[in-house]
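J.: structure for the following, please:
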Amino acid sequence: MAKNIMIQGTMSGAGKSLLCAGLCRILKQDGYRVAPFKSQNMALNSFITKDGGEMGRAQVVQAEAAGIEPDVRMNPVLLKPTTDVGSQVIVAGQVQGNMHAMEYYRRKREYIPAILDAYNSLAQEYDIIVIEGAGSPAEINLKQDDIVNMGLAGLVDAPVLLVGDIDRGGVFAQLYGTVALLEEEERTRVKGTVVNKFRGDRSILEPGIRILEDLCGVPVAGVIPYTHVDIDDEDSLTERFARTADRKCIDIAVIRLPRISNFTDFAPFERYANGSLRYVDRVVDLHSPDMILLPGTKSTIADLKWLRQSGLEAAILKAASAGTLVFGICGGYQMLGRNVSDPDQVEAAGTTEIQGLGLLDMDTVFLGEKVQTQVAGTFGGVTGMLSGLNGMSYTGYEIHMGRSQEKLLPLQGKRNVYGSYIHGIFDAHGVSDEILRAVCVQKGLDFSDLGAFDVHEYKERQYDLLADAVREGLDMALVYRVINREV
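T.: Residues are numbered from 1 along each chain as shown. Next up, the predicted model:
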């Protein structure tokens, strides 16, 4: 069976996901077969595996860092929020239904067998499992039925490194307070603490580090520098939405829907030196972009209402009529059609039918069964502005409840308005290049001015940069002693 190490945090957003990804990369570099694991993830950014299972993207990123294929066993329970108090529950990659938060908390221990089956199966195939916790292990109101922090650590006998976020302030209180609220048996699992996202001279921290070690009774296992790497992050806490990007020679606006999901679809457009990609939720911030992207959403109907009420629908229609390229993915694609109906209240949005933007000749009906599949093929039959995509290859995955009429091609569109159900459709080699080449032609620019890039090579370099920063900041000798149960 594999050895393991678990990364828990003092709070959500402490940097657990990226630290786990960095550890996965380091262990891979050091010659180990390593896999990530998170028993329960709550996120709207999800992924479909080759066998049609659904899992959180954080574990996909960690699997990529480890150099292995994403597998639903790495994230056996996924919660996709549908309302403020309810989520769609996905177990072993398959939808179990929607549950109110209190119902899930009452029932979540029922999922322990599925969690242990997934973990034990991975442990038979890999040398080391890097486990990620969720939120904080010191949520004393939720600890009784915990299956993702110390509860899971006990089930799989995992040693723990506790991570605090110094960038938010109060890191010593975060770390000591969390340890103090743990039960004695739980404290014995904590083998070290980690100060994450540090900027500045480490020597300034040293007096506090010594005191913290005395208070907690365990060493500070590392001080990780604030690292600027371009790696997919968790949807609820992403910094992307807070960025105020300057508008460059090619300006792309992503409509920031209230229930936005899988925004990582648009990452390929972020990496052109002379292109800008902005997230917009107000008409006043839209300006006159060269391309408008409508992302996926967990609730197409509710977010379509918001789009209408915010005034962004009218702004998008005006831009489309003026020739601006408009592209929708999944829920955004559905919004571009004539009509969206939900007779059985699959989305539970309180509305059974709503008019779409009417830019594409199709209607969408929501059904109870979810489409979950990976796809690949070659573009064909594309007309209008993006006809240059014809003959190019694409890959990606579909994950949606709605079914749209006239869904005959991977890419539907006419003139300058397009849509697709395929998440990741921009990732394949040359696809984003061709789309921006068409935008440049329309704008009278030379595409070479944007600065093209190789997506795969770029991502690999980012994982290596993350590993370098984590290796520099962590006491890796101590980490290996923890993994080998020598401390």
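J.: wait, a helix at residue 111?
T.: Yes. Assessed by DSSP: H, G, I helix; E, B strand; the rest coil, residue 111 belongs to a helix.
J.: can you tell me, leaving aside adjacent residues, what's nearest to it?
T.: Distances taken as CB to CB, 6 or more residues apart in numbering place residue 77 nearest to residue 111, at 5.4 Å, with adjacent residues excluded. Where you see a C-beta, it was placed from the backbone N, CA and C, and this is true even at glycine.
J.: strands of the stretch 1-150 of the chain, start to end?
T.: 3-9, 34-37, 40-42, 46-48, 54-56, 77-83, 86-91, 94-100, 128-132 (DSSP state E, counting those that start in this stretch).
J.: closest one to residue 149 among the ones you listed?
T.: Nearest of those to residue 149, taken as CB to CB: strand 3-9 at 5.6 Å.
J.: show me what the closest one is packed against.
T.: helix 16-29, strand 128-132, helix 150-156, strand 160-165, helix 476-483 (3 or more CB pairs under 8 Å, 6 or more residues apart in numbering; DSSP states H and E).
J.: nearest to residue 426, of those?
T.: That would be helix 16-29 among the helices and strands packed on strand 3-9, by CB to CB, at 21.9 Å.
J.: send the alpha carbons of that closest one over as CSV?
T.: C-alpha atoms of helix 16-29 as CSV (Å, rounded to 0.1, in the frame of the first residue of the first chain):
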residue,chain,number,x,y,z
LYS,A,16,-3.7,23.7,-0.1
SER,A,17,-4.5,22.8,-3.7
LEU,A,18,-1.4,24.4,-5.2
LEU,A,19,0.8,23.1,-2.4
CYS,A,20,-0.5,19.6,-3.1
ALA,A,21,0.1,20.1,-6.8
GLY,A,22,3.7,21.3,-6.1
LEU,A,23,4.3,18.2,-3.9
CYS,A,24,3.0,15.9,-6.6
ARG,A,25,5.4,17.5,-9.1
ILE,A,26,8.3,17.2,-6.7
LEU,A,27,7.6,13.6,-5.9
LYS,A,28,7.3,12.8,-9.6
GLN,A,29,10.6,14.6,-10.2
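J.: identify the residues contacting stretch 451-459?
T.: Residues from elsewhere that reach stretch 451-459, judged by CB atoms under 8 Å, 6 or more residues apart in numbering: 64, 230-231, 268, 271-274, 427, 429, 432-433.
J.: return the members of the residues you listed classed as buried.
T.: Listed as buried from the contacts of stretch 451-459 are 64, 231, 268, 271-272, 427, 432-433; burial here means 16 or more other CB atoms under 10 Å.
J.: and residue 273, what is it in contact with?
T.: By CB under 8 Å, 6+ apart, residue 273 lies in contact with 450-451.
J.: all helices of the stretch 351-487 of the chain, in order?
T.: For the stretch 351-487 of the chain, the helices defined by DSSP state H, counting those that start in this stretch cover 431-443, 455-473, 476-483.
J.: dump these into TSV; add mean pLDDT as well.
T.: Converted to TSV, those look like this (pLDDT from 0 to 100):
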stretch	mean pLDDT
helix 431-443	95
helix 455-473	92
helix 476-483	98
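J.: which of the ones you listed sits most buried?
T.: helix 431-443 (a mean of 19; mean count of other CB atoms under 10 Å).
J.: which strands or helices does that helix pack on?
T.: strand 250-255, strand 325-329.
J.: got these as TSV, with mean pLDDT and distance to residue 345 columns?
T.: Shown next, in TSV, are those (pLDDT from 0 to 100; distance: least, CB to CB, whole Å):
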stretch	mean pLDDT	distance to residue 345
strand 250-255	96	25
strand 325-329	97	23
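J.: go through these and pick out the most buried.
T.: Ranked by mean neighbours (mean count of other CB under 10 Å), the helices and strands packed on helix 431-443 are led by strand 325-329, with a mean of 27.
J.: pLDDT of whatever helix or strand comes next after it, averaged?
T.: Counting by DSSP states H and E, the next helix or strand C-terminal to strand 325-329 is helix 331-335. Confidence over helix 331-335 (mean pLDDT, whole number) is 95.
J.: show me which strand runs longest in this protein.
T.: In the chain, assigned by DSSP state E, the strand with the most residues is strand 363-378.
J.: in its sheet, what does that one sit against?
T.: Using DSSP bridges, the strands paired with strand 363-378 in its sheet are strand 339-341 (parallel), strand 393-404 (antiparallel).
J.: residue ranges with poor pLDDT in the chain?
T.: When residues are selected by pLDDT under 70, those of the chain lie in 233-245, 405-409, 452-453.
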